[in-house]
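Asker: only geometry, no sequence info:
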């Protein structure tokens, strides 16, 4: 399996992905939120670019069928039902309903990967499940880090490296590009101290300063959800690894 790690989502623009498996990574917080929502019974997540598009898509459903959710700059959007905290996505709020989600980085990165042969979403919470799924898909692999405002994010890079390590442990043979090798080095550095990402990543520091330390704890819970959020036909839904 040939592996490319895109350290920012912008690298997907213009890339030929039609024969590749793509995993979009957004540890803090969109990937964690999607995995949590699906684990708690959400029917699916529709990612959109803007709050205006989210409101428009919501009109396609009865009010009791849909949850309008998202953030800008890490803060909830006025008039939306939920923000981007995984702690908000409890079964009583989202079970049996469709979530329409827009976030600053994660949903934008996911939509950029829509042309891939197969696309899924990963955070630290589902590393092993994603690694097994990517191996089962048996294509060349792109791990696309959402990053932060076009910049590299250490937590997404570490997650990419941990996914590659899990594939290797599962017996997968990997041919890495240079950025994939960088990601594996980052994973070795942080594997036994993931909690340090709170203070050693720029978005982690932002969330701490915003009083969202419980969100960070949820996002750093390695393999908490054995679930693969698969993006297909405009909808993120649970797939079995």
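Answerer: Thanks, I have the structure now. If you're wondering where the values come from, they're calculated on a predicted model, not measured in any experiment. Residues are numbered from 1 along each chain as shown.

Asker: Just name whatever secondary elements the biggest helix by length in the chain is in contact with.
Answerer: When the chain is parsed with DSSP state H, its longest helix is helix 154-169. Under the contact criterion of 3 or more Cβ pairs under 8 Å, 6 or more residues apart in numbering; DSSP states H and E, helix 154-169 touches strand 2-6, strand 20-25, helix 127-137, strand 140-145, helix 178-190, helix 197-200. C-beta: built from backbone N, CA, C; applies to glycine.

Asker: so which of those gets nearest residue 14?
Answerer: Among the helices and strands packed on helix 154-169, the nearest to residue 14 by Cβ to Cβ is strand 2-6 (11.8 Å).

Asker: buried residues in the longest helix of the chain?
Answerer: Using 16 or more other Cβ atoms under 10 Å as the test for burial, helix 154-169 gives 154-167.

Asker: got a markdown table for those residues, with distance to residue 52 and pLDDT too?
Answerer: Below are these laid out as a markdown table (distance: Cβ to Cβ, whole Å; pLDDT from 0 to 100):
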| residue | distance to residue 52 | pLDDT |
| --- | --- | --- |
| 154 | 32 | 98 |
| 155 | 29 | 98 |
| 156 | 27 | 98 |
| 157 | 32 | 98 |
| 158 | 34 | 98 |
| 159 | 30 | 98 |
| 160 | 32 | 98 |
| 161 | 36 | 98 |
| 162 | 36 | 98 |
| 163 | 34 | 98 |
| 164 | 37 | 98 |
| 165 | 40 | 97 |
| 166 | 38 | 97 |
| 167 | 39 | 97 |
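
Asker: and these as a markdown table, adding distance to residue 184?
Answerer: Below are the buried residues of helix 154-169 laid out as a markdown table (distance: Cβ to Cβ, whole Å):
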| residue | distance to residue 184 |
| --- | --- |
| 154 | 14 |
| 155 | 15 |
| 156 | 14 |
| 157 | 10 |
| 158 | 10 |
| 159 | 11 |
| 160 | 8 |
| 161 | 4 |
| 162 | 9 |
| 163 | 10 |
| 164 | 5 |
| 165 | 7 |
| 166 | 11 |
| 167 | 11 |
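
Asker: which among those residues gets closest to residue 191?
Answerer: Using Cβ to Cβ, the buried residues of helix 154-169 come closest to residue 191 at residue 162, 7.0 Å.

Asker: On the three-state scheme, the most centrally placed residue in the chain is what?
Answerer: When the chain is reduced to its mean C-alpha position, the nearest residue by Cα atoms, centre = their mean turns out to be residue 31, at 2.7 Å. Assigned by DSSP: H, G, I helix; E, B strand; the rest coil, the conformation of residue 31 is helix.

Asker: so it touches residue 24, yeah?
Answerer: Yes. With contact defined as Cβ atoms under 8 Å, residue 31 reaches residue 24; the gap is 7.3 Å.
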